[in-house]
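**Student:** For reference, the sequence and a predicted model appear below.
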Amino acid sequence: MTGGAPTDGFEAFLREHREALLGFLHRRTHVEDAKDVVQEAMVRLIRYRGRPPEQLRALMYRIALNVLADRGRRQQSRQADAHVSLDQAFEGLPSAEPSHEQRLANEQELVQVRAAILQLPTRCRQVYLLNRIEGMSYSQIARHCDISVKAVEKHVGRALRLLRLRLRDNASNPLDDP
């Protein structure tokens, strides 16, 4: 109470029953959560401070269980268990992204592949790109370029040979036939 005003026994009731309520809740949740629930239940119980202690006791436990249930529903609706705290070991989280070094290596390899493709003879490059990039079959390329399927096979084969020669220093050549 404030400034020496006589107490009505409510504060004494709260002091007397706080630890028992905390123990009751601790069996149902974590210690820190139990402390928070006790605090909130005590605040809500203030509305009923004029009631007799035997009613307050039952009311206090009912309020605490309701607070605990409300918190559970809030956490479930917010999917609290699915959240990851970035404050705790966020560096250990796996990333689908390649490392900076891998990204640079990939970019360098792509530059080499582009340069090698641009060095192919014009018709050879055209046929190769229609097959590998556009996904056209040999017969579709033959019709499109007005050449024979055999000529398409020769152009693709030549393109692969030339690209392998130019990129032979690369450990992983993405242009190899499966």
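**Tutor:** Looks like it arrived, so ask away. Numbers count the residues shown, from 1 in each chain.
**Student:** and the biggest helix by length in the chain, what does it pack onto?
**Tutor:** Identified as the longest helix of the chain according to DSSP state H is helix 53-77. For helix 53-77, the contact count by 3 or more CB pairs under 8 Å, 6 or more residues apart in numbering; DSSP states H and E identifies helix 10-26, helix 31-45 as packing neighbours. Any C-beta I mention is one placed from the backbone N, CA and C, and that applies to glycine too.
**Student:** quick one: buried residues of that helix?
**Tutor:** By neighbour count on 16 or more other CB atoms under 10 Å, the buried set for helix 53-77 is L56, R57, L59, M60, Y61, I63, A64, V67, L68, R71.
**Student:** mind giving me the domain split of this protein?
**Tutor:** 10-78, 107-167 (automatic domain parsing).
**Student:** Comparing those domains, which yields the minimum mean pLDDT?
**Tutor:** Ranked by mean pLDDT, these bottom out at domain 10-78, with a mean of 86.
**Student:** Now the element after the longest helix of the chain, going C-ward?
**Tutor:** helix 100-118 (DSSP states H and E).
**Student:** Which elements pack onto that next one?
**Tutor:** Checking 3+ CB pairs under 8 Å, 6+ apart, helix 100-118 ends up next to helix 122-132, helix 149-167.
**Student:** Please dump the helices and strands packed on helix 53-77 into TSV; it should also carry mean neighbour count and distance to I147 for every row.
**Tutor:** Formatted as TSV, the helices and strands packed on helix 53-77 follow (neighbours: other CB atoms under 10 Å; distance: least, CB to CB, whole Å):
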stretch	mean neighbour count	distance to I147
helix 10-26	15	82
helix 31-45	17	75
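**Student:** quick one: which of the domains of the chain is nearest H100?
**Tutor:** domain 107-167 (10.7 Å; CB to CB).
**Student:** thinking again about what came up before, not counting the longest helix of the chain itself, show me its contacts.
**Tutor:** By CB atoms under 8 Å, 6 or more residues apart in numbering, the residues outside helix 53-77 that reach it are 9-10, 13, 17, 21, 24-25, 28-29, 33, 36-38, 40-42, 44-45, 48-49, 51, 80-81.
**Student:** if we go to 6 Å?
**Tutor:** Helix 53-77 is contacted from outside by F13, L21, V37, E40, A41, R44, L45, Y48, using CB atoms under 6 Å, 6 or more residues apart in numbering.
**Student:** How about stretch 124-134?
**Tutor:** M136, I141, V152, H155, V156, R158, A159.
**Student:** do that again at 7 Å, thanks
**Tutor:** By CB atoms under 7 Å, 6 or more residues apart in numbering, the residues outside stretch 124-134 that reach it are I117, L120, M136, I141, H144, C145, V152, H155, V156, R158, A159.
**Student:** again, but for stretch 145-160
**Tutor:** 120, 123-125, 127-128, 131, 138-139, 141-142, 175, 177.
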